[in-house]
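A predicted structure for the sequence below; I have some questions about it.
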Amino acid sequence: MPKDWDWTSEARNAQRYETDLVPTLFAPWAPQVADAAQIRAGDRVLDVGCGTGVLARLALARAGTQGAVTGVDVNEGMLAVAQRAEPSIEWAKGDAMALPFAGASFDAVVSQFALMFISDPTTAVSEMRRVLAPGGRLALAVWGPFEMATGYAALAEPLKRYGGQSAVDVLTAPHVLGDVEKLRFIFTSAGFEQPAVTMCMGGYTQPSIAKLLEFEVKNTPLKERFTDESYAEFAAEAETALQPFLLPNGEVSIPLAAAIVTAQNAG
Ligand SMILES: C[S@@+](CC[C@H](N)C(=O)[O-])C[C@H]1O[C@@H](n2cnc3c(N)ncnc32)[C@H](O)[C@@H]1O
């Protein structure tokens, strides 16, 4: 797993993820993924790599009281926050590559921004297909190409200077599946016929450049590559590099693309 989410297993970090990252970075995509999966009243829905559960909560709102929603993740810190936020969803600890559910037990499987952190994406997608009922729908989002995330691309140079190439690799890792052909190959290898991939544009806004750097570097394992002094120098350079993404009110907004894959289990 190139960028590891272990740091969010600590309760404080998982809560910070939910409070400060989910509303701006992850929540805006949930309606598009839920729409793509055509979730309707009464559906049994599984959210894979659910994190703190933003997509699962939306799925529950759509599936309603006659439906049932399950979220699965390897990370207990994330699941604890999810449980507090919505106790009526079943939150399960489990690995996407060996889903702890019987075959054909869901009408829809959804997942956002998790597949690229899973070491064998094809096995994970095969598992998603296994647990889908015949005719069941899958919708899954991953980040698009790094080059389309121009604000992150602007950070790459200062990050390389102070943190080395491996620090840049951490920044680019979430984008490794942002390739239409690669995604089609994974989904067809996993047994889905004719998966559809759509590239969509969105964005990510933080209250300030300092806050953005906190979430991308300072409060993540990347910080270990810096001394206090080198971090201050990096932050000053990053501030300059991110000027084109500053809004008049001081917020910083980075364009981001996401690929949304839809597929159906032919049965
Ligand atoms: C960027 S977060 C996205 C979480 C959530 N879907 C959201 O939109 O906020 C990626 C999630 O994938 C989970 N994850 C990584 N590898 C996993 C695996 N092998 N099985 C299940 N979940 C995994 C992480 O623990 C983390 O919660």
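Here it is on my side, so go on.

tell me how many other residues crowd the residue of the stretch 1-150 of the chain found nearest the ligand.
Of the stretch 1-150 of the chain, the residue with the smallest distance to the ligand, taken as Cβ to the nearest ligand atom, is residue 51 at 2.5 Å. To be clear about C-beta, it is placed using only N, CA and C from the backbone, and glycine gets the same treatment. Residues near residue 51, counting by other Cβ atoms under 10 Å, number 27.

quick one, what contacts it?
Residue 51 is in contact with 8, 17, 22, 26, 73, 75, 78, 82, 114, counting by Cβ atoms under 8 Å, 6 or more residues apart in numbering.

what about the residue of the chain most remote from its centre, which SS state?
Distance from the C-alpha centroid of the chain peaks at residue 229, with 31.5 Å (Cα atoms, centre = their mean). Here residue 229 is helix, with the state taken from DSSP: H, G, I helix; E, B strand; the rest coil.

model confidence score at the closest residue in space to residue 237 that isn't next to it in sequence, please.
Nearest in space to residue 237, with sequence neighbours left out and distances taken as Cβ to Cβ, 6 or more residues apart in numbering, is residue 158 at 3.9 Å. We note a pLDDT of 94 for residue 158 in this prediction.

quick one: residue 158 is in a helix?
Yes: when three-state DSSP is applied, residue 158 is found to be in a helix.

run a quick neighbour tally on it.
As a burial measure, residue 158 scores 21 neighbours (other Cβ under 10 Å).

just the one 3 residues further on next, same as before
Here the count is done by other Cβ under 10 Å, and residue 161 has 14 residues near it.

does it sit in a helix or strand, and which one?
Take DSSP states H and E as the rule and residue 161 turns out to sit in helix 150-163.

got the CA coordinates for that helix in CSV?
Listed next in CSV are the C-alpha coordinates belonging to helix 150-163 (Å, rounded to 0.1, in the frame of the first residue of the first chain):
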residue,chain,number,x,y,z
THR,A,150,-2.5,20.8,-10.6
GLY,A,151,-2.3,22.2,-7.1
TYR,A,152,-0.7,18.9,-5.8
ALA,A,153,1.6,18.9,-8.9
ALA,A,154,2.7,22.4,-7.8
LEU,A,155,3.7,21.0,-4.4
ALA,A,156,5.8,18.2,-5.9
GLU,A,157,8.9,20.3,-6.5
PRO,A,158,9.3,21.8,-3.0
LEU,A,159,8.3,18.4,-1.5
LYS,A,160,11.1,16.7,-3.5
ARG,A,161,13.7,19.3,-2.5
TYR,A,162,13.0,18.8,1.3
GLY,A,163,11.5,15.3,1.5
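
output the contacting helices and strands for it.
Here helix 150-163 touches helix 165-172, helix 228-241, strand 252-264, going by 3 or more Cβ pairs under 8 Å, 6 or more residues apart in numbering; DSSP states H and E.

pick the most deeply packed of those.
Most buried of the helices and strands packed on helix 150-163 by mean neighbour count (mean count of other Cβ atoms under 10 Å) is strand 252-264; its value is a mean of 21.

returning to what we had before: so which of the helices and strands packed on helix 150-163 is nearest residue 99?
Of all the helices and strands packed on helix 150-163, it is strand 252-264 that lies closest to residue 99, at 16.2 Å by Cβ to Cβ.
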